[in-house]
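[1] Can you look at this prediction? I've put the sequence above it.
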Amino acid sequence: MLKPSQPNASRPRIAVAGATGRVGSALIASLVSEPLDLVALTRKPDTERLPAGVSLAAVDFDAPATLDDALRGADRLFLAHGTSPRQVANEIALIDAAVAAGVGQIVKLSTMGPPSRLHPMDWHMQIEAHLATVDIGYTVLRPSTFVDILARAGAQVADDTWGGAAGDGVVNLIDTRDVADAARVALLDDAHPTSQRVYHLTGPRAVSMPEVAKEISKLLGRTVTYRQRSPAEQREKLLASGLNEFVADLLLGLDRLFYQSAMAETTTTVRELTGHEPRSVAGWLSENISKFQK
């Protein structure tokens with residue numbers, strides 16, 4: 001169990017940035033019953049919904065003193081940030097504030113993939129590079145693409161218009177709950193408080209979008225097809241659906257990585273860290289099949 005670094009503290013204090021994100025919310029839920037002081041760093045303290053027992057600390061990245069106040073007395077920091085053009089500056093600001101506050105370990109949510117100019121991969125590379133320059137223990141979690149991305153296809157599957165530019169390439173999708181489980185282990189690890197480690201996290205096997213279509217077909221009891229499109233055709237479809245250029249280009253970039261099977265790697269890290277097998281794409285689809293129904 002994590003021991004408090006502050007000599008006068010009776011319980012360890014863990015700060016969570018990104019507490020209402022997909023990974024952060026699952027992490028908070030798994031930690032709330034532990035003998036810890038949990039504090040959620042938030043830019044919207046009046047609107048966040050968190051379990052009872054979780055404190056809120058308002059942060060304003062344009063007011064650095066709020067970061068210092070939010071991290072004062074914290075032993076560990078979980079660092080996640082929604083994808084945005086300010087991600088690099090904001091995460092670096094939190095890293096620097098954590099160092100100044102005497103935080104002992106940062107667990108950073110990053111991403112797995114090849115060196116790339118694609119956002120947010122390149123942003124995570126910049127943040128990791130900064131983290132490597134500071135004197136603090138850290139664990140970097142590099143998950144493959146979240147399986148939740150398939151939820152974007154829900155309405156298209158229902159309308160029989162699903163498709164993209166991923167071809168027959170494969171990607172090893174990971175359940176966000178498995179990433180949260182790995183983050184939990186890293187945050188509670190008291191054996192390596194000053195270590196600097198990186199973990200690559202994946203699901204149990206890589207799949208193609210046509211394979212996903214077959215699995216959805218089985219669950220719905222009707223044929224679902226993944227329509228193959230050129231990148232230009234897919235970009236036009238994404239923009240026509242109402243997405244802005246930033247999101248459309250991000251999704252198109254992921255399709256390119258899928259097409260190239262650039263994230264097909266399978267690791268055993270989830271099992272080794274958490275003691276359980278990673279959740280499968282088929283399992284996630286079964287739990288969420290209502291998202292694909294009319």
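    Received the coordinates, thanks. Numbers count the residues shown, from 1 in each chain.
[2] Give me the local confidence score for the nearest residue to Ala158 once chain neighbours are set aside.
    Counting by C-beta to C-beta, 6 or more residues apart in numbering, Lys294 is the residue found nearest to Ala158 once chain neighbours are left out, at 4.5 Å. All C-beta spots, glycine's among them, are computed from the backbone N, C-alpha and C. pLDDT for Lys294: 79.
[3] count of neighbours near Lys294?
    8 (other C-beta atoms under 10 Å).
[4] wait, it sits on Val157?
    No. Judged on C-beta atoms under 8 Å, Lys294 makes no contact with Val157 at a distance of 9.4 Å.
[5] buried sites along the worst-scoring helix or strand of the chain on mean pLDDT?
    Every helix and strand of the chain was ranked by mean pLDDT, DSSP states H and E. The lowest is strand 54-58, at a mean of 89. Buried residues in strand 54-58, counted by 16 or more other C-beta atoms under 10 Å: 54, 56-57.
[6] Including distance to Arg86, could those go into JSON lines?
    Below are those laid out as JSON lines (distance: C-beta to C-beta, whole Å):
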{"residue": "Val54", "distance to Arg86": "24"}
{"residue": "Leu56", "distance to Arg86": "21"}
{"residue": "Ala57", "distance to Arg86": "19"}
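[7] For Val23, state which of those residues is nearest.
    Val54 (15.5 Å; C-beta to C-beta).
[8] got the contact list for the closest one?
    Going by C-beta atoms under 8 Å, 6 or more residues apart in numbering, Val54 touches 19, 28, 32, 38-40.
[9] ok so, going back, show me what the helix or strand following the least confident helix or strand of the chain is packed up against.
    Sequence order places helix 64-71 as the next helix or strand after strand 54-58, per DSSP states H and E. Applying 3 or more C-beta pairs under 8 Å, 6 or more residues apart in numbering; DSSP states H and E, one finds that helix 64-71 contacts strand 37-42, strand 54-58, helix 87-101.
[10] Could you list the buried residues of the last one?
    Translated: helix 87-101. 87-88, 90-98, 101.
[11] got those residues as JSON lines, with distance to His81 and pLDDT columns?
    Below are those laid out as JSON lines (distance: C-beta to C-beta, whole Å; pLDDT from 0 to 100):
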{"residue": "Gln87", "distance to His81": "5", "pLDDT": "92"}
{"residue": "Val88", "distance to His81": "9", "pLDDT": "95"}
{"residue": "Asn90", "distance to His81": "6", "pLDDT": "95"}
{"residue": "Glu91", "distance to His81": "5", "pLDDT": "96"}
{"residue": "Ile92", "distance to His81": "10", "pLDDT": "97"}
{"residue": "Ala93", "distance to His81": "10", "pLDDT": "96"}
{"residue": "Leu94", "distance to His81": "8", "pLDDT": "96"}
{"residue": "Ile95", "distance to His81": "11", "pLDDT": "97"}
{"residue": "Asp96", "distance to His81": "14", "pLDDT": "96"}
{"residue": "Ala97", "distance to His81": "13", "pLDDT": "96"}
{"residue": "Ala98", "distance to His81": "14", "pLDDT": "96"}
{"residue": "Ala101", "distance to His81": "18", "pLDDT": "95"}
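[12] closest to Gly163 among those?
    Gln87 (29.2 Å).
[13] That closest one contacts Met121, correct?
    No. Between Gln87 and Met121 there is no contact under C-beta under 8 Å: 11.4 Å.
[14] so what's Val16 up against?
    Val16 neighbours (C-beta under 8 Å, 6+ apart): 24, 27-28, 38-41, 77-78.
[15] try 6 Å this time
    By C-beta atoms under 6 Å, 6 or more residues apart in numbering, Val16 lies in contact with 24, 40, 78.
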